[in-house]
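J.: show me the folded form of this:
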Amino acid sequence: MALLVLAGACFAAALALSAGGWCALLPRGPRATDACARFGCGSLANTFLPAQAGNVIRLNLFGRVVPGGVLAAAAAAAVFSAARWLTLLPLAGSALPPEALVVPVIGIALAVALSRRRGATPWMYAKALGFASASLAARIGGVSLVTGSLSAALLVVPALELAGAVSVLPANLGVAEGAAALALHAHGLPLGRAMTTALVLHGVETAASVAFGGAGLALLMRRTPFLHHIVTIRPTTLWTNTRTLVQTMRRKIEPLLCELHAHTRWSDGALTLPELVDLYGRNGFDVLCVTDHVNRSDDPWLPADAPARGVTAGNHAEYLAELDAQAERAKREYDLLLLPGIELTYNDLDPYLAAHAVAVGCRGFVGVDDGIEVALANARGEGAALVAAHPYRARRGGPFPSRLTLRWSRDWRQLQGLVDRWELFNRHDLYGWTAERGLPAVANGDFHRPEHMHGWKTLLPCTKEPGAVVSYLRSPRPTFLARIDAPAEISEAA
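T.: Reported below is the predicted structural model:
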């Protein structure tokens, strides 16, 4: 039994390494854990759906979070499959008849052609080949633990890989067992024992796929507002008496004072993240979303020799880790809800092409090199609430600065379906044209320096939970705006 459990762990490791191979070919793709979760969901779907429909789900999940979308994910999948077959061909060539290799050889040729169109680098190829080798080694290890023979595993794994290319039934039922049984019989096992061993092997590998995929599905759903509402229902609501229930229903929800647009030294803010938490916590805010900039790799607003700044694919994991650590402290010391976020910063020398958007509650990295529309779609796939930031409109008959984001005002009809809210106020600046067109509004501080804490803010009548805040912003329900004045302004007004 222990050997079967260990074999299952090897099969799960093979899936995780395959996910790593996809990531190696998607340099601005998801983090390793997120990639494993998305890859695992495809494996889980393949267990229950015919014709490897899980592969379509897997491509769609990756396409939501990588630049280039589904096409980029498909290219990575094709290249990684080619890498697996390049690793496997020395084994398969000795274990299978030549005509059985036609399909993988054609697949390799197509994958190489597709990858060249996507501009893959030699280093990306090398990493993909390394992950493919490690993945196959893990699978061979799992098979050898079940069969009790490494030499048998070297025959079975190529047979299973080839059988997987022609999968029709869920979990490749029947085909996988038959291929494994034939390989074991060719190795010298009696046909009856070969069939029994093949059934056990398929059961262990299927169980590993279900466990790995189930964990991935749970990880992805944990980040969605829908599941958050499910898992945060308080048990006391199940046995409260009628009188208490009526009182609870009549109780009004206190609106949350929110800052949904703030920057730290991770990009161009003046304060560190702990200093920002202390400032807003001491001043009685209920919700703070940190939205440091994600810039274009070739940002035209920055000098060519300017040092890189902002959140990048390389430092996003560290950025998120600090946010998570400060969220615990903010809750403990100030009862302040700290939300992760980013500002999708698409700058352009033509102000009518420049646009920024705040992604509230976004835990995945989203790049902007492929344009603001692709970035918004990818952030939507991460479950974020999206806000059009400082939507300037050019004044008639006069010049205007080049560093403005005028894309929103020019193309608002085409872009309004990509965002949930529009900044009616950014600090004290009013963008009245958004109200004239009936666009759903919020008010944010766009915090960079301490004096930016004051100005117009958003009040949300919802519970103080991450999923509730994000869900409310994504809904058509009304928000409320309030002006927070600095103490000196209050004294002068009095």
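J.: and the helices in the stretch 351-494 of the chain?
T.: Secondary structure of the stretch 351-494 of the chain, counting by DSSP state H, counting those that start in this stretch: helices at 372-381, 407-410, 412-415, 432-436, 466-474, 487-493.
J.: walk me through the domains of this structure.
T.: 2-221, 248-301+312-395+402-493 (automatic domain parsing).
J.: need the helices of the stretch 351-494 of the chain in JSON lines (columns: distance to residue 291).
T.: From N, CA and C alone the C-beta is placed, and that goes for glycine too. Below are the helices of the stretch 351-494 of the chain laid out as JSON lines (distance: least, Cβ to Cβ, whole Å):
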{"stretch": "helix 372-381", "distance to residue 291": "11"}
{"stretch": "helix 407-410", "distance to residue 291": "16"}
{"stretch": "helix 412-415", "distance to residue 291": "19"}
{"stretch": "helix 432-436", "distance to residue 291": "19"}
{"stretch": "helix 466-474", "distance to residue 291": "13"}
{"stretch": "helix 487-493", "distance to residue 291": "25"}
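J.: and of the ones you listed, who's closest to residue 175?
T.: Ranking the helices of the stretch 351-494 of the chain by proximity to residue 175 (Cβ to Cβ) places helix 372-381 first, at 33.1 Å.
J.: in the closest one, which residues are buried?
T.: Residues 372, 374-381 are the ones in helix 372-381 that count as buried (16 or more other Cβ atoms under 10 Å).
J.: and it with helix 466-474, angle?
T.: Here the directions of helix 372-381 and helix 466-474 differ by 140 degrees (axes from the mean of the first three to the mean of the last three Cα atoms, to 10 degrees).
J.: picking up where we left off before, residue 446 is nearest to which of the helices of the stretch 351-494 of the chain?
T.: Nearest to residue 446 among those is helix 407-410 (14.5 Å), distances taken as Cβ to Cβ.
J.: quick one, strands of the chain?
T.: Under the criterion DSSP state E, strands of the chain are mapped to 256-262, 287-295, 337-346, 355-360, 385-388, 421-426, 429-430, 441-444, 455-460, 480-484.
J.: in a markdown table: the domains of the chain, plus mean pLDDT.
T.: Formatted as a markdown table, those follow (pLDDT from 0 to 100):
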| stretch | mean pLDDT |
| --- | --- |
| domain 2-221 | 80 |
| domain 248-301+312-395+402-493 | 92 |
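J.: how close does residue 426 sit to residue 40?
T.: Computed as Cβ to Cβ, to the nearest Å, the residue 426 to residue 40 distance reads 41 Å.
J.: the more surrounded of those two?
T.: Counted by other Cβ atoms under 10 Å, residue 426 and residue 40 do not tie: residue 40 has more neighbours, with 30 against 21.
J.: so what's the more buried one closest to, chain neighbours aside?
T.: residue 216 (2.9 Å; Cβ to Cβ, 6 or more residues apart in numbering).
J.: number of residues surrounding the one you found?
T.: Counted with other Cβ under 10 Å, residue 216 comes out at 26.
J.: one more: residue 190?
T.: Using other Cβ under 10 Å, residue 190 has 10 neighbouring residues.
J.: could you measure from it over to residue 291?
T.: Residue 190 is 65 Å from residue 291, by Cβ to Cβ.
J.: got the contact list for stretch 202-220?
T.: The contact list for stretch 202-220 (Cβ atoms under 8 Å, 6 or more residues apart in numbering) reads 4, 7-9, 11-12, 15-16, 33-34, 36-47, 61, 142, 146, 171, 176-177, 180.
J.: and for stretch 346-356?
T.: The contact list for stretch 346-356 (Cβ under 8 Å, 6+ apart) reads 295-296, 299-301, 343-345, 368, 371-372, 375, 388-390, 392, 394, 400-408, 410, 415.
J.: you'd agree residue 383 is up against residue 470?
T.: Yes - with contact defined as Cβ atoms under 8 Å, residue 383 counts as touching residue 470 (6.9 Å).
J.: who's in contact with residue 418?
T.: If you count contacts by Cβ under 8 Å, 6+ apart, residue 418 has them with 373, 376-377, 380, 386.
J.: wait, doesn't residue 73 sit right on residue 63?
T.: Yes - at 4.6 Å, residue 73 counts as touching residue 63 under the criterion of Cβ under 8 Å.
J.: which of those two has more neighbours?
T.: Neighbour count, other Cβ under 10 Å: between residue 73 and residue 63, residue 73 has more, with 24 against 19.
J.: look up how far residue 486 lies from the closest residue to residue 428 other than its chain neighbours.
T.: Spatial nearest neighbour of residue 428, excluding adjacent residues (Cβ to Cβ, 6+ apart): residue 455 at 5.1 Å. Counting by Cβ to Cβ, the separation of residue 455 from residue 486 is 9 Å.
J.: quick one: closest of the strands of the chain to residue 126.
T.: Among the strands of the chain, the nearest to residue 126 by Cβ to Cβ is strand 287-295 (27.8 Å).
J.: show me what counts as buried in that closest one.
T.: 287-295.
J.: neighbouring strands - and their directions - for that strand?
T.: Here strand 287-295 is paired, per DSSP bridges, with strand 256-262 (parallel), strand 337-346 (parallel).
J.: of these, give the one that comes closest to residue 279.
T.: Per Cβ to Cβ, nearest to residue 279 of the strands paired with strand 287-295: strand 256-262, 9.6 Å.
J.: between residue 455 and residue 486, who's got more neighbours?
T.: More crowded of residue 455 and residue 486, by other Cβ under 10 Å: residue 455, with 21 against 13.
J.: wait, doesn't the more buried one sit right on residue 424?
T.: No - judged on Cβ under 8 Å, residue 455 makes no contact with residue 424 at a distance of 12.0 Å.
J.: please enumerate the shared neighbours of the two.
T.: Residues touching both residue 455 and residue 424 (Cβ under 8 Å, 6+ apart): residue 443.
J.: right, I'll leave it there.
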